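Asks: here are the coordinates; sequence isn't available:
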């Protein structure tokens, strides 16, 4: 690999640190699809994790979708910006996990998300 960030061994799209050079661009391109991805994620949660099926529709269609959108936005934004999330940015997802615990969702189920 050369010092200009080129790749070695024909691994197109991989940076010197082993990261995909397309990652930030792909993450930014996915930002507009977050509502669709959040809805699909919640549908999958309810299909795959029995504890989530026990939540009321108001949580599944409201808080859980909104929280999932926010987490996806945080993830794709930090990847696009090439940085880790801050503690302040992680405070809300941690609080949402605590909400799920209060809703009776087992920790194992929350951690699968």
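Replies: In hand now; what should we look at? Fair warning: this is a prediction, and the values are worked out from it, not measured in the lab.

Asks: only C-alpha atoms from now on, for both contacts and neighbour counts.
Replies: Noted.

Asks: now the helices: where do they sit in this protein?
Replies: Using DSSP state H, the helices of the chain run over 23-30, 34-48, 50-53, 57-58, 64-81, 87-102, 107-112.

Asks: I'd like to know which elements the first one is packed against.
Replies: Other elements packing on helix 23-30 under the criterion 3 or more Cα pairs under 8 Å, 6 or more residues apart in numbering; DSSP states H and E are helix 64-81.

Asks: nearest residue to residue 80 in space, please, no chain neighbours.
Replies: residue 24 (3.7 Å; Cα to Cα, 6 or more residues apart in numbering).

Asks: just residue 66 next, same as before
Replies: residue 38 (7.9 Å).

Asks: re the thing from before, dump the helices of the chain to TSV, plus mean neighbour count.
Replies: As requested, those are exported to TSV (neighbours: other Cα atoms under 10 Å):
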stretch	mean neighbour count
helix 23-30	16
helix 34-48	16
helix 50-53	17
helix 57-58	10
helix 64-81	19
helix 87-102	13
helix 107-112	12
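
Asks: take these and write them to JSON lines, including mean pLDDT.
Replies: Shown next, in JSON lines, are these (pLDDT from 0 to 100):
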{"stretch": "helix 23-30", "mean pLDDT": "88"}
{"stretch": "helix 34-48", "mean pLDDT": "93"}
{"stretch": "helix 50-53", "mean pLDDT": "89"}
{"stretch": "helix 57-58", "mean pLDDT": "86"}
{"stretch": "helix 64-81", "mean pLDDT": "93"}
{"stretch": "helix 87-102", "mean pLDDT": "92"}
{"stretch": "helix 107-112", "mean pLDDT": "85"}
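
Asks: and the residue nearest the centre of the chain?
Replies: Centroid-nearest residue in the chain, with Cα atoms, centre = their mean: residue 72, separated by 3.9 Å.

Asks: so who does that one touch?
Replies: By Cα atoms under 8 Å, 6 or more residues apart in numbering, the contact set of residue 72 is 34, 38.

Asks: the residue nearest to residue 66 contacts residue 61, doesn't it?
Replies: No - with contact defined as Cα atoms under 8 Å, residue 38 does not reach residue 61; the gap is 10.4 Å.
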